[in-house]
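1. Below is the sequence, then the predicted model.
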2 protein chains.
Amino acid sequence: MPEVPPPAPTGDELLKVLSALGNPHRMRIVAALMESRNYVSALAREIGMGRPLLHMHLQRLEAAGLVVGTLELAEDGKTMKYFEVTPFFYELTPHIIAQAAATITETADRTAKEEAK
Amino acid sequence: MPEVPPPAPTGDELLKVLSALGNPHRMRIVAALMESRNYVSALAREIGMGRPLLHMHLQRLEAAGLVVGTLELAEDGKTMKYFEVTPFFYELTPHIIAQAAATITETADRTAKEEAK
DNA sequence: GGCACCTGTCAAAGATTCCTGACACATCTC
DNA sequence: GAGATGTGTCAGGAATCTTTGACAGGTGCC
């Protein structure tokens, strides 16, 4: 059976993905998590970035579905949140952008903060 | 002859593309230009947006190589700048992001304004 | 208890991006 | 000349995003 045709992401989804990836730090974070999943504090040290900041960037990436974090219990009892990248795949072409643009709910702009879901 | 393997965009390039496309207005602009190339003033009216603003967004899109504008002389002598989308194609996967992240010149961050080139 | 490590959140400052109104210049038409 | 349409740019305020330092809570070890 042939591969499924390229799925068309919704405008809101694509918007979150693109704005999440369109940042140097976030790109590096994805790159760092590519070679090995890691927990927040260690990652922060590795790429030289404050924890609160990293935390926020990871949230943005997770909200876009590009990485996932799971709270794990280390042997010594400490709880640490490990993050790893998801095998995402997006294609960017004029057509796809046009399709996505047609499905932008406007809410994506203002709901960003109320995004309690 | 087989298709060429997916080219790996540089970090700076991908960064410009993603941040350019990661904006509702810019997505709509691309969508609008998809169905018909148009000149600035007309486009501004079509999507209800001020000219100065549209001008800025178009610049961002053009800088990312997603659209191209050409100054043309209308029959009545008026010079108008027509924009049209370029047949761009980008793939977004963890690998590609990681590769791109490794080639970020930092300059991309600060050069944005001095980008006189 | 005191120290080291983990997690998370908040508020305030800094830096960017986004948006608007005003201005300058050019051409054609009435 | 006055008016309509086109192009482009600039200054200033509004809205966002980014970044930092301080705090709070938790567990294990000396």
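-> Ah, there it is.

2. Just the pLDDT at the residue of chain A found nearest DNA strand C, thanks.
-> Chain A approaches DNA strand C most closely through A:Ser41 (3.1 Å), counting by C-beta to the nearest atom of the strand. C-betas here are computed from N, CA, C, even on glycine. A:Ser41 is assigned 97 on the pLDDT scale.

3. my read: it touches A:Thr79, true?
-> No. A:Ser41 is not in contact with A:Thr79 according to C-beta atoms under 8 Å; the separation is 11.5 Å.

4. more crowded one of these two?
-> Under the neighbour definition other C-beta atoms under 10 Å in any protein chain shown, A:Ser41 and A:Thr79 were set side by side, and A:Ser41 has more, 14 against 9.

5. and the residue nearest the centre of chain A, what is it in contact with?
-> Per C-alpha atoms, centre = their mean, the C-alpha nearest to the average position across chain A is that of A:Leu61, at 2.2 Å. If a contact means C-beta atoms under 8 Å, 6 or more residues apart in numbering or on different chains, then A:Leu61 has A:Ala20, A:Arg26, A:Ile29, A:Val30, A:Val67 as its contacts.

6. now swap in A:Ile97 and tell me
-> Counting by C-beta under 8 Å, 6+ apart, A:Ile97 has contacts A:Leu14, B:Leu21, B:Met27, B:Val30, B:Ala31, B:Met34.

7. which one of these is nearest B:Glu46?
-> Set against B:Glu46, the nearest of these by C-beta to C-beta is B:Ala31 (11.0 Å).

8. Please see if the helix or strand containing the closest one touches DNA strand C.
-> In this structure, B:Ala31 is located in helix B:24-35 according to DSSP states H and E. Yes. Judged by C-beta under 7 Å from any atom of the strand, helix B:24-35 comes into contact with DNA strand C at B:His25.

9. tell me the mean pLDDT over that helix?
-> Rounded mean pLDDT across helix B:24-35 is 97.
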